[in-house]
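>>> can you look at this prediction? I've put the sequence above it.
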Amino acid sequence: MTEQKAVPETVDWQSEMTRIATKHHVIVCWVAIVLDPLWFVSDYYTIPEQWKDFLIIRLAVALFTLFAVYFRKKIKISTEALIFIPVFGIAIQNAYMWSFMDVPMLQKHAFAYLALFIGAGMLVLWKPIWSIVVLSLTLLANIVFLNMFSKLPLQDILINGGLLVGTVALFSGVLIQSRYSLTKKEIIARLKLIESNKILEHQKNIIEEKNKDITDSINYAKKIQEAILPSVALKQKLFPDAFILFQPRDIVSGDFYWYSEKNGRKIIAAVDCTGHGVPGAFMSMIGNAFLNQIVNEKGIIKPSEILNQLRELIIEALKQSGASGENQDGMDISLLSIDNESGIVEFAGANNPLWIIRNQTQEANSAPSLTEIKGNKQPIGIYSGPATPFTNHEIQLNTGDSLYLFTDGFADQMGGPLGKKYKYKTFKELVLSTNDDTAVQREAVFSKTAKDWKGELDQTDDILVIGIKV
């Protein structure tokens, strides 16, 4: 996974801070340009004998600010210098005006000072040094002008607005610093988030690309798996009145079906390999190859012997010795060998059974019965119990009998109104209820039932059901 790199704090956040500060500072400048000259009305009623002088000073501050706003890009005025002009200009203006006021006037004009510092604290964004410079120069200007023009003692000046203005000025400096610090942190956090999102997006694209490659590979593996399964044409030849419901949980399957014809016997198997998806598919290819070797090459057609040989080949291929902790991969299987001439079917199973559906009488609408022939309680492969030879069952078939081979995927599928397993009891009822249907009809019913039961839930396991009408 790509490491997340820290956002450079010396470049990105400063340019973003400048952008935000410039936006705020331009607004403050326009407010000063428009409102500061209008305060001459207050001057007219407060100090009527000097309102003209004060108006000239106010207009001068407004014009300097207007000049700075219009030509800031051309003469490259920094955002700090831009806002410094109206803030310091109004501070000097107020200091000059204070020096001509008596006590009642000072009290009234203190609000102008307060408005300046509170407004600056709320809107100005600059480094602490700028606040220190403004406050220091403002203090110096007040001292100079008061010494030059004021007739009031220092005590009266401090009591009637001086202390309050000084306190608010300091508070505004702290407020500006806090806003600056918080804004900086917010910008850095936002830029880091953007950078993280870019990294995540890049990683997402890599994962999606890799996932596509993997999915493409698995889809190709599916074609290979489908290619090694027996053909539909061979099924139609050997088992024309049969259906095979085959629904992999993933793209490829750990379940597989296999059939062939050898020495006058039709042999068919439903196999459930350990796992599903890619691991199960590997096992299915091994099992398919071994069944071809045992039946088609060696000519072995007795089900129990086929399973005995298959177990030996699986143990050898997977190098299973029975040691504690080693893999116990293998497969469950139900396998039939059918002799059409005699009507005899031979069956052997590893954990999986054979179901025989048979009508009790020849009368129409008679209820069919289900007989279960169980396989041996041992898998194809190594396991903890003793390995015994597989049992060979021989059954005489009647015309109209149905044979069912299956894996556990259908019965174990979660779903229904309570999200529970379908279960074998319900599965048996479904098998019996469709006994008189054609192979095509039965496959459609089984497929719809599995889909409806699953609903919005994920498929639990691979599903394989083989139904053969004799």
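Alright, I've got the coordinates. Residues are numbered from 1 along each chain as shown.

>>> which secondary structure element of this structure has the lowest mean pLDDT?
In the chain, no helix or strand scores lower on mean pLDDT, DSSP states H and E than helix 103-123, which sits at a mean of 78.

>>> the helix or strand hosting I244 - contacts with which helices or strands?
For I244, the enclosing helix or strand under DSSP states H and E is strand 242-247. For strand 242-247, the elements it packs on are strand 255-262, helix 439-454, strand 463-469, judged by 3 or more Cβ pairs under 8 Å, 6 or more residues apart in numbering; DSSP states H and E. Bear in mind the C-beta positions are built from the backbone N, C-alpha and C, glycine included.

>>> okay if I get these as JSON lines plus mean pLDDT and distance to S172?
Output for the helices and strands packed on strand 242-247, formatted as JSON lines (pLDDT from 0 to 100; distance: least, Cβ to Cβ, whole Å):
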{"stretch": "strand 255-262", "mean pLDDT": "96", "distance to S172": "77"}
{"stretch": "helix 439-454", "mean pLDDT": "96", "distance to S172": "67"}
{"stretch": "strand 463-469", "mean pLDDT": "95", "distance to S172": "74"}
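
>>> between the ones you listed, which one is closest to L125.
helix 439-454 (59.5 Å; Cβ to Cβ).

>>> okay, now the unreliable bits of the stretch 251-400 of the chain?
323-326, 361-365 (pLDDT under 70).

>>> show me where this protein has helices.
Along the chain, the segments classed as helices by DSSP state H run 12-38, 40-46, 51-71, 79-98, 103-123, 128-149, 154-157, 163-228, 232-238, 277-291, 303-317, 409-412, 424-433, 439-454.

>>> the fifth one vs helix 163-228, what angle?
Inter-element angle recorded for helix 103-123 and helix 163-228: 10 degrees (by axes from the mean of the first three to the mean of the last three Cα atoms, to 10 degrees).

>>> next, the angle from helix 103-123 to helix 12-38.
If you take the same axes, to 10 degrees, helix 103-123 sits at 150 degrees to helix 12-38.

>>> before we move on, back to that, buried deepest among the helices and strands packed on strand 242-247, which one?
Across the helices and strands packed on strand 242-247, averaging neighbours per residue (mean count of other Cβ atoms under 10 Å) puts strand 463-469 on top, at a mean of 24.

>>> contacts for that one next, please.
Strand 463-469 is contacted by residues 239, 241-249, 253, 255-257, 268, 270-272, 336, 400-407, 409-410, 413, 431, 439, 442-443, 446, 450 when judged by Cβ atoms under 8 Å, 6 or more residues apart in numbering.

>>> may I have it exported as CSV, CA atoms only?
The C-alpha trace of strand 463-469 is given here as CSV (Å, rounded to 0.1, in the frame of the first residue of the first chain):
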residue,chain,number,x,y,z
ILE,A,463,-25.6,-25.7,-6.0
LEU,A,464,-25.7,-28.9,-8.0
VAL,A,465,-28.8,-31.1,-8.4
ILE,A,466,-29.0,-34.0,-11.0
GLY,A,467,-32.4,-35.6,-11.6
ILE,A,468,-32.7,-38.6,-13.9
LYS,A,469,-36.0,-40.2,-15.0
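
>>> gap between that strand and the chain center?
38 Å (Cα atoms, centre = their mean, to the nearest Å).

>>> which non-adjacent residue is nearest A32?
Using Cβ to Cβ, 6 or more residues apart in numbering and skipping residues adjacent in sequence, the residue nearest A32 is P86, 3.8 Å away.

>>> that neighbour is in contact with V28, isn't it?
Yes. Judged on Cβ atoms under 8 Å, P86 makes contact with V28 at a distance of 6.6 Å.

>>> more neighbours: which of the two?
P86 (27 against 19; other Cβ atoms under 10 Å).

>>> distance of the more buried one from Q360?
Using Cβ to Cβ, to the nearest Å, we find P86 at a distance of 105 Å from Q360.

>>> swap in E186?
Using Cβ to Cβ, E186 is found at 82 Å from Q360.

>>> where exactly do the strands run in the stretch 301-450 of the chain?
For the stretch 301-450 of the chain, the strands defined by DSSP state E, counting those that start in this stretch cover 331-339, 344-350, 354-359, 368-373, 393-396, 402-406, 414-415, 420-421.

>>> so can I have JSON lines of the helices of the chain showing distance to I466?
Formatted as JSON lines, those follow (distance: least, Cβ to Cβ, whole Å):
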{"stretch": "helix 12-38", "distance to I466": "65"}
{"stretch": "helix 40-46", "distance to I466": "99"}
{"stretch": "helix 51-71", "distance to I466": "85"}
{"stretch": "helix 79-98", "distance to I466": "79"}
{"stretch": "helix 103-123", "distance to I466": "79"}
{"stretch": "helix 128-149", "distance to I466": "82"}
{"stretch": "helix 154-157", "distance to I466": "105"}
{"stretch": "helix 163-228", "distance to I466": "17"}
{"stretch": "helix 232-238", "distance to I466": "10"}
{"stretch": "helix 277-291", "distance to I466": "15"}
{"stretch": "helix 303-317", "distance to I466": "15"}
{"stretch": "helix 409-412", "distance to I466": "11"}
{"stretch": "helix 424-433", "distance to I466": "12"}
{"stretch": "helix 439-454", "distance to I466": "10"}
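
>>> quick revisit: closest one to G161 among the helices and strands packed on strand 242-247?
Evaluated over these, closeness to G161 peaks at helix 439-454, with 80.6 Å, by Cβ to Cβ.

>>> got the contact list for that closest one?
241-245, 247, 410, 413-416, 422, 430, 434, 437, 463, 465, 467, 469.

>>> now do the end-to-end distance for stretch 239-255.
20 Å (Cα to Cα, to the nearest Å).
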